[in-house]
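# need a 3D model of the sequence below.
(2 chains)
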Amino acid sequence: MVQFSEEKMAKVKEIIARYPEGKQKSALMPILHLAQEEWGWLSAETMDYVAGILSLEPIEVYEVATFYTMYNLKPVGKHVFEVCHTGPCMLRGSDDIIAYIKEKLGIGVGETTPDGLFTLKTAECLGACGYAPMMQMGKHYREHLTPEKIDQIIDECRRNASAAN
Amino acid sequence: MGRKLLLEKAHVEGIRYYDVYRREGGYRSVEKALKSMTPDEVTEEVKKSGLRGRGGAGFPTGMKWSFLAKPEGVPRYLVVNADESEPGTFKDRYLMEFIPHLLIEGIIVSSYALGANTSYIYIRGEYAWIPDILEQAIAEARNNGWLGKNIMGTGYSLEIYVQRGAGAYICGEETALLESLEGKRGNPRIKPPFPAVKGLYDCPTVVNNVETIAAVVPIVNDGGEEYAKIGVGRSTGTKLMSACGNIRKPGVYEIDMTISVEEFIFSDEYCGGIANGKRLKACIPGGSSVPILPANLLLKTAKGETRYMHYESLSDGGFATGSMMGSGGFIVLDEDQCIVKHTYTLARFYRHESCGQCSPCREGTGWMEKILWNIDNGKGKMSDIDLLWDIQGKIEGNTICPLGDAAAWPVAAAIRHFRDEFEWHVKNPAECMQRNYGLAHYADPIHVPVTA
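As a prediction, the model looks like this:
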């Protein structure tokens, strides 16, 4: 069953208190972020749960969750590579980086490796144009990418995964 | 070296933290404003400074503030637009990461001027590590008495909260931002009413860019007249430029708007010239939505005069032969870059980011993307170029918000200045898959004045 821990519920209450009385809908996006951190993606059950917390109709949550690209509406790999390929990154070779990751992981854009470790996505401008090519990985950016750097990142993720097992 | 007002201290070690920031003169503007100035006097200094909105539109900030409605008993809000998403633009991120207290200080002074007791910083969701930096700065400011109730015993109270977006360029448009902050889809509102009258929660609201709010700090410290002495004409003060693309030194630079475009690109103090010894082909000087210019029209105006890095000079010649300062996202293309491919990526960006509310934008951006993909991949027809021109013209001006214009302008400018490169793609479908059109004549001196 979907339910925030007590600690997370305290955070939820702190978020709701940022807005005037009766405007708790403003807390929706921050709480969806919180839910996604917790469960990796937003299932219908999760969205209904968030609707309940904020006294919203479930449709009010669905329409927001489907509008913003950062909310995952289906499960993703443990590590999501979101490689920017808009103009300024393209000028610095983002296409080659995407091709390299595809080959290295044997997956296409939008796909996840069979071990569930990696998902490859392309992203539109992430505001790191001067440090291109780059990608978002979870909460952080990986910038000035080269094939060697990609190798290192993938090795690092695999090492961490086998250490965790 | 030009004057620096915002980033002068950005590299002092530990400036991200309160103690160092304060030791370097931080929060003086709050002391000055709250203890010795009325809110209207602060607004007056901002008006005198000539400061223009740094998010892209360049609207005078003091005037925007003076439009704020002030009905009795209704809360007013300052909302800081940190949804920096215009391709080529990464200056606000830099400011928030390196010197976050400057933004917090600017918010306190600006909120005091506007009579706002709550301020929200709306930051793009992908900048996921920056809210932690801002929230730490806010906590430090609060612990030192600059935020909360009855600040410095003046009776003025303020709270600042950080709100993360979740990946939507459209939320940089101020009414879409307000919708998003209210927990809704980022669909821009029909204006009027403007946010100054009916903004967040239907209350009077000012939405300002991060850099704009930061600039209020030196304006209050030194006075609006001093600020206005820097720069040229109506381009007062300093501007943050985020330079990227095929240059030797990509990064964020603070300029005082007196230098030439040539100096900005080729001087070692700024971009350091074109990377890998190549030649300059084209540039988008103010974020992806402003018109791209070929090298010759970038460095000199159609009248043959030197083009400078300020609002008026960058837009000299209008859209026929000029561009715009925009957000300061400076994208440089070298001789090996393909204008068609580059324009395609921008068209794809705008299709992806269109909120879907207005048909011309929702449908038009997708058509432009598909046609440009065809031309880039050797599948284009001559008539496609005219069709693109026709579509962009039918999007521009026909949508609720400026995203439609922002999608139309890059396509229009690419065809206006690089039509022969598009035609070459159509005529040489196999060759265009093997090589680029190159520099061609785009850096040649312009002998005949171009007329609109």
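# quick one: contacts for residue 34?
Picking chain A for this. A:4, A:8, A:11-12, A:15 (C-beta atoms under 8 Å, 6 or more residues apart in numbering or on different chains). For glycine as for every other residue, the C-beta is placed from the backbone atoms N, C-alpha and C.
# correction: the question concerned chain B.
By C-beta under 8 Å, 6+ apart, the contact list for B:Leu34 reads B:112, B:151-152, B:154, B:156.
# got the residues of chain A near chain B?
Within reach of chain B by C-beta under 8 Å from any C-beta of the partner chain, chain A has these residues: A:18, A:20, A:23, A:25-30, A:32-33, A:60, A:63-64, A:67-71, A:85-88, A:90-92, A:123-132, A:136, A:138-140.
# among these, name the buried ones.
A:18, A:25-30, A:32-33, A:60, A:64, A:67-71, A:85-88, A:90-92, A:123-132, A:136 (16 or more other C-beta atoms under 10 Å in any protein chain shown).
# inside strands: which ones of those?
In strands, defined here by DSSP state E, the members of those are A:123, A:136.
# roughly how far apart are A:Ile154 and A:Cys129?
Applying C-beta to C-beta, to the nearest Å, the value for A:Ile154 to A:Cys129 is 24 Å.
# circling back to that earlier point, make TSV out of the contacts of A:Leu34 and add pLDDT.
Output for the contacts of A:Leu34, formatted as TSV (pLDDT from 0 to 100):
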residue	pLDDT
A:Phe4	96
A:Lys8	97
A:Lys11	97
A:Val12	97
A:Ile15	98
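# looking at those, spot the one nearest B:Pro100.
Nearest to B:Pro100 among the contacts of A:Leu34: A:Ile15, at 20.4 Å, using C-beta to C-beta.
# from memory the closest one sits against A:Ala27, does it?
Yes: assessed by C-beta atoms under 8 Å, A:Ile15 is found in contact with A:Ala27 at 4.8 Å.
# which positions in the longest helix seen in chain B come out as buried?
Secondary structure of chain B per DSSP state H: the longest helix is helix B:403-427. For helix B:403-427, the neighbour count (16+ other C-beta under 10 Å) marks B:403-418, B:421-422, B:424-426 as buried.
# what's the spacing between A:Asp151 and chain B?
24 Å (C-beta to the nearest C-beta, to the nearest Å).
# what is the burial count for residue 78?
Went with chain A since none was named. 17 (other C-beta atoms under 10 Å in any protein chain shown).
# that's the other chain; I wanted chain B
By the measure other C-beta under 10 Å, the count of residues near B:Leu78 is 30.
# for it, grab phi and psi.
Main-chain torsions, B:Leu78, degrees, to the nearest 10: phi -110, psi 120.
# let me know the pLDDT of it.
Looking at B:Leu78, its pLDDT is 98.
# who are the neighbours in contact with it?
Counted by C-beta under 8 Å, 6+ apart, B:Leu78 has contacts B:107, B:110-111, B:114, B:116, B:119, B:205-206, B:208, B:213.
# what's the closest of these to B:Pro445?
For the contacts of B:Leu78, the residue nearest B:Pro445 by C-beta to C-beta is B:Asn208; the value is 41.2 Å.
# please save the CA atoms from the strand or helix carrying that closest one in CSV.
Using DSSP states H and E, B:Asn208 sits within strand B:205-209. Output of strand B:205-209 as CSV, limited to C-alpha atoms (Å, rounded to 0.1, in the frame of the first residue of the first chain):
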residue,chain,number,x,y,z
THR,B,205,1.7,40.0,-8.0
VAL,B,206,5.1,41.0,-9.5
VAL,B,207,7.0,38.3,-11.3
ASN,B,208,10.7,39.2,-11.9
ASN,B,209,13.7,37.2,-13.2
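# how far away from the center of its chain is the helix or strand just after that strand?
Going down the chain from strand B:205-209, the next helix or strand is helix B:210-222, by DSSP H and E. Put simply, helix B:210-222 sits 16 Å off its chain's centre (C-alpha atoms, centre = their mean, to the nearest Å).
# wait, B:Lys300 touches B:Tyr308, no?
No: B:Lys300 is not in contact with B:Tyr308 according to C-beta under 8 Å; the separation is 10.7 Å.
# now do the same end-to-end measure for stretch B:132-151.
One end of stretch B:132-151 sits 23 Å from the other (C-alpha to C-alpha, to the nearest Å).
# run the contact check for it versus chain A.
No: residues of stretch B:132-151 are not located near chain A by C-beta under 8 Å from any C-beta, the shortest gap being 9.0 Å.
# ok, stretch B:415-427 next?
No: against chain A, stretch B:415-427 shows no contacts by C-beta under 8 Å from any C-beta, the least distance being 14.4 Å.
# A:Ile107 against A:Leu117, yeah?
No: in this structure, A:Ile107 is not within contact of A:Leu117 by C-beta under 8 Å, at 10.5 Å.
# just for chain A, where's the confidence low?
For chain A, not a single residue meets the criterion pLDDT under 70.
# tell me where it has helices.
Counting by DSSP H, the helices of chain A are A:6-16, A:28-39, A:44-53, A:58-67, A:87-91, A:94-105, A:147-164.
# most tightly packed of these?
Counting by mean count of other C-beta atoms under 10 Å in any protein chain shown, helix A:87-91 has the highest mean neighbour count of the helices of chain A, with a mean of 30.
# from the chain's centroid, how far away is it?
Taking C-alpha atoms, centre = their mean, one finds the center of helix A:87-91 at 22 Å from the center of the full chain.
# ok, residues contacting it?
A:83, A:125, A:128-129, A:132-134, B:87-88, B:244-246, B:284, B:288, B:331, B:333, B:337, B:341-342, B:345-346, B:349.
# redo that, cut-off 7 Å
For helix A:87-91, contacts defined as C-beta atoms under 7 Å, 6 or more residues apart in numbering or on different chains pick out A:129, A:132-134, B:87-88, B:244-246, B:288, B:331, B:333, B:337, B:342, B:345-346.
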